[in-house]
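Colleague: mind looking at a prediction? Sequence and model below.
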Amino acid sequence: MIDFSVGAVQMTSGENVSDNLAQAHKLLREAASRGAQLILLPENFAHVSDGSSYIVAEPYSPKDEISADKQPIQHALQRWAAELGVWLVAGSVPLLTRANGTATEGRRSRSACLLYDDRGALRARYDKIHLFDAEVGDATGSYRESASIEPGDEPCVISLPWGQLGLSICFDLRFPELYRQLAITGAEIFVVPAAFTHATGQAHWMALLRARAIENGCFVIAANQGGVHSEKRRTWGHSMIIDPWGDVLAEAGEGEAVITARLDAERLATVRRQMPLLSMRRLGV
């Protein structure tokens, strides 16, 4: 790994895709103006509602045949990355097509984290593996992502110009075995785009993020939704950038925000040398 600057965008997205895209573009420009070379958007940055995002899901195009009419989200992402000259991690995009080209079934979409390079080329796709089926003590109460989202099953580590990046989405954060697999595969940095609820975020968000960083000796970039989306939906915010020792390099509050930090390669090397956890494993996980 070599030193580079990163950014995380925090949003309070709503149901209107055009409005959300306009806000995302504004915040991405701010992050780029601060020198961020890799920028992370939150989960569901283009659409948050009390129902399903299936209604705005798009067909997947891994190449350059993107239609502004049929694929406005992917078209915008491709254009922004090239315009700003940054590597863009698009938190999650609802897609009607699996990575192998087959269609999803049962009115369910895939929740996909897409990575674009600084020329706007798609470089990686990760489909959310762990779906949020849980009971939460908030106004929504019961969440059932599996009713409208089809899970993925393939972890993803991708080479950046600066190091190795492991992709994840939101509820994945509660499953340390995924991050251990990413680290063993070579990841030095984890991204965690999220829409953590206010109730669960207040209780567990920072603890889980710091744990994933500490136990794997990796940087963590986490972009969360943050604010009141509707009478039933409130998210925690507090997007963070964390170093491999668990120190918080940058943190947002609630509401829309941009945070940035410089990732220090020597810090990563020092932590891994002093605490070589990945080579000390005894149980093979």
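Modeller: Yes, it's here.

Colleague: find me the pLDDT at the nearest residue to A252 once chain neighbours are set aside, would you?
Modeller: Once flanking residues are discounted, A252 sits nearest to S239: 4.4 Å by Cβ to Cβ, 6 or more residues apart in numbering. C-betas here are computed from N, CA, C, even on glycine. The model reports S239 with a pLDDT of 98.

Colleague: quick check: phi and psi on S239?
Modeller: phi -50, psi 150 (degrees, to the nearest 10).

Colleague: neighbours of it, how many?
Modeller: For S239, the neighbour count with other Cβ atoms under 10 Å is 31.

Colleague: repeat for T140
Modeller: Other residues close to T140 by other Cβ under 10 Å number 16.

Colleague: now do G101
Modeller: Per other Cβ under 10 Å, the neighbour tally for G101 reads 9.

Colleague: same check on R282?
Modeller: With other Cβ under 10 Å as criterion, R282 counts 5.

Colleague: wait, the residue nearest to A252 sits on Q10?
Modeller: Yes: using Cβ atoms under 8 Å, S239 makes contact with Q10 at a distance of 4.3 Å.

Colleague: so where's the longest strand in the protein?
Modeller: The residue-count maximum for a strand in the chain (DSSP state E) belongs to strand 87-95.

Colleague: what packs against the helix or strand that comes right after that one?
Modeller: Next helix or strand after strand 87-95 toward the C-terminus (DSSP states H and E): strand 110-116. Packing contacts for strand 110-116, counted by 3 or more Cβ pairs under 8 Å, 6 or more residues apart in numbering; DSSP states H and E, involve helix 72-84, strand 87-95, strand 122-127, strand 164-167.

Colleague: who touches strand 110-116?
Modeller: Contacts of strand 110-116 with the rest of the structure, by Cβ atoms under 8 Å, 6 or more residues apart in numbering, involve 43, 60, 74, 77-78, 81, 87-98, 104, 122-128, 145, 149-150, 152, 156, 158, 165, 167-169, 191, 193.
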